[in-house]
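sequence first, then the predicted structure, then my questions.
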Amino acid sequence: MSQKLQFAFKLEASQTDNKTSVIAITSITTEDDKKYTLSETDKYASRHIALTKTETYKRVRKSLNQRGQERTIWMTCTEEMIQAYFDEDNNLMFNDLYLKEEKKQTDIVESTQKKKGLLNLKNISERFMIEKFVCKFSNAKQWIEIFENECKRFEIEEDTTKIEILRLFLDKTCADWHSATLKTLKIEAGWSEWKNKFLDTFADKGWSSGMYAIFYKYKEGSLMEYAIRKEKLLLDMDENIGGKSLVTLIAAGLPEFIRNRIDPEKCETSTRLLHEISKCESLVNNKNFKIKKEEKDDNKKYSLGKKPCKTCQYLNKGNRYHPEQSCWFKKEGADNKRIGSNSVIEVNLSEETKNE
């Protein structure tokens with residue numbers, strides 16, 4: 001009679017290299033519904049030679065392409081697998097070591113709808129596809145909607161569990177708000193009350209975050225880092241922003257000489273724009289490349305709607321932003337003005353010659 005085992009597979013980060021994803025075996029279940037776990041060193045599928053030779057495992061490997069994904073599969077054991085996982089009395093083992101059986105009363109059930117015992121919040125939260133909420137620039141309404149969708153994805157429906165997990169996704173300042181709210185509302189208040197208080201506290205009631213996103217510009221460093229950051233800021237501001245508007249606003253923040261090298265006809269989407277921007281990366285990777293401070297100041301003053309002093313412009317003193325009546329160079333009767341101790345400049349305050 002053939003023997004079957006149920007293997008639970010999960011794609012996770014390697015212990016030796018966080019950038020590398022590996023397949024781990026989180027549990028092995030027998031036909032009589034007994035669940036066993038492997039040691040940390042033996043849980044990786046690469047150590048299970050007999051298992052990895054099967055066609056079933058090859059299909060499992062193709063099915064897991066994102067970290068956190070899981071598959072639970074029944075497999076009919078080959079002769080080689082029987083020798084690897086069973087002793088002569090059908091006890092489950094691996095590498096001549098007997099496996100530890102999980103007791104049902106202490107099982108960690110990832111579906112919180114069925115869970116009645118301990119819920120490993122940290123384990124679940126690590127699988128949420130959401131960044132921490134930072135009150136300075138985050139769109140509170142959009143963020144809380146994403147948080148609720150992640151709760152639905154993991155079947156988290158209990159209000160108290162949502163409130164507990166929420167704390168894990170708040171930066172320090174917002175975490176302090178959570179602690180303070182816990183004293184006033186209490187955890188029994190319900191999710192809807194917590195959500196309303198969260199939005200009342202952090203929802204953007206002004207223009208600051210939107211203006212920051214729109215006027216965010218490249219200054220120095222990587223063009224791609226700028227473009228990705230700008231795209232995120234704009235989507236945080238409005239997740240329904242049009243594709244053309246998104247592309248235009250990202251391009252607007254690029255240096256002009258970079259923007260002039262990019263054909264807008266090739267950039268119908270932000271993905272295509274990022275591809276074109278990456279081609280220009282070498283133009284700013286030169287250590288000597290730096291946007292002049294005056295240009296940065298120009299951009300800053302221009303965005304605030306200020307105009308440079310006409311007297312300073314007329315005297316070729318560059319673009320200086322201050323009230324014209326308080327200009328240092330414009331002093332009545334001062335045709336000569338000493339700067340420092342040695343140099344002297346001549347200031348001509350005559351009016352501009354009219355066009356004839």
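Received the coordinates, thanks.

which one is the residue nearest the centre of the chain nearest to, not counting chain neighbours?
Centroid check for the chain by Cα atoms, centre = their mean gives Glu131 as the closest residue, at 5.3 Å. Once flanking residues are discounted, Glu131 sits nearest to Phe169: 7.9 Å by Cβ to Cβ, 6 or more residues apart in numbering. Every C-beta, even on glycine, is put in place using the N, C-alpha and C of the backbone.

how close does the residue nearest to the centre of the chain sit to Trp143?
The gap separating Glu131 from Trp143 is 8 Å, by Cβ to Cβ, to the nearest Å.

swap in Tyr85?
46 Å.

what does Ile163 give?
Distance from Ile163 to Trp143, counting by Cβ to Cβ: 16 Å.

my read: Cys280 touches Asn260, true?
No: Cys280 lies out of contact with Asn260 (Cβ atoms under 8 Å); the separation is 10.2 Å.

which of these two has more neighbours?
Cys280 (18 against 9; other Cβ atoms under 10 Å).

what about Gln313, which helix or strand?
If you go by DSSP states H and E, Gln313 is part of helix 310-314.

before we move on, what about Leu274?
Counting by DSSP H and E, Leu274 is part of helix 270-278.

can you list the residues that contact that helix?
223-224, 227-228, 231, 243, 246-247, 250-251, 254, 258, 262-263, 266-267 (Cβ atoms under 8 Å, 6 or more residues apart in numbering).

try 7 Å
Outside helix 270-278, the residues that touch it by Cβ atoms under 7 Å, 6 or more residues apart in numbering are 223-224, 227, 231, 243, 246-247, 250-251, 262, 266-267.

now list the buried members of those residues.
Among these, those classed as buried by 16 or more other Cβ atoms under 10 Å are 223, 227, 231, 246-247, 250-251, 262, 267.

what about the residues you listed, which are in helices?
223, 227, 231, 246-247, 250-251 (DSSP state H).

which residue ranges of the stretch 201-350 of the chain form strands?
Secondary structure of the stretch 201-350 of the chain by DSSP state E, counting those that start in this stretch: the strands cover 336-339, 343-346.

quick one: average pLDDT of the first one?
If you average the pLDDT over strand 336-339, you get 40.

over to stretch 181-201?
Rounded mean pLDDT across stretch 181-201 is 85.

low pLDDT regions in the stretch 151-300 of the chain?
204-209, 285-300 (pLDDT under 70).

now Gly102: closest residue in space, sequence neighbours ignored.
In this structure residue 102 is Glu, not Gly. Spatially, and ignoring its direct neighbours in sequence, Glu102 is nearest to Lys35 (4.6 Å; Cβ to Cβ, 6+ apart).

now do Ser125
Going by Cβ to Cβ, 6+ apart, Ser125 has Leu168 as its nearest residue, at 4.6 Å.

ok, that neighbour touching Arg127?
No: the pair Leu168 / Arg127 is not scored as a contact, 11.8 Å apart, by Cβ atoms under 7 Å.

roughly how far does His178 sit from Thr160?
Counting by Cβ to Cβ - His178 and Thr160 are separated by 13 Å.

which of those two has more neighbours?
Per other Cβ under 10 Å, whichever of His178 and Thr160 has more neighbours is His178, with 17 against 13.

and the more buried one, what is it in contact with?
Listed by Cβ under 7 Å, 6+ apart, the contact partners of His178 are 166-167, 170.

considering those, which possesses the most neighbours?
Leu166 (22 neighbours).

can I take it that that residue is in a helix?
Yes: counting by DSSP: H, G, I helix; E, B strand; the rest coil, one finds Leu166 located in a helix.

if you count neighbours, what's buried in the helix holding Gln313?
Applying 16+ other Cβ under 10 Å to helix 310-314 flags 311-312, 314 as buried.

got it, and stretch 56-73?
Going by neighbour count (16+ other Cβ under 10 Å), the buried part of stretch 56-73 is 57, 60, 64.

helix, strand or coil: sort out the residue lying closest to the last one once chain neighbours are set aside for me.
Leaving aside its sequence neighbours, Leu64 sits nearest to Leu11 (Cβ to Cβ, 6+ apart; 4.2 Å). Under the three-state scheme (three-state DSSP), Leu11 adopts strand.

neighbours of Leu11, just the number please.
For Leu11, the count of nearby residues is 19 (other Cβ under 10 Å).

wait, doesn't it sit right on Ser63?
No: with contact defined as Cβ under 7 Å, Leu11 does not reach Ser63; the gap is 9.3 Å.

can you count the residues close to the residue nearest to Glu102?
There are 18 residues near Lys35, going by other Cβ under 10 Å.

same thing with the one 10 residues further on?
The tally of other residues near Ala45 (other Cβ under 10 Å) stands at 19.
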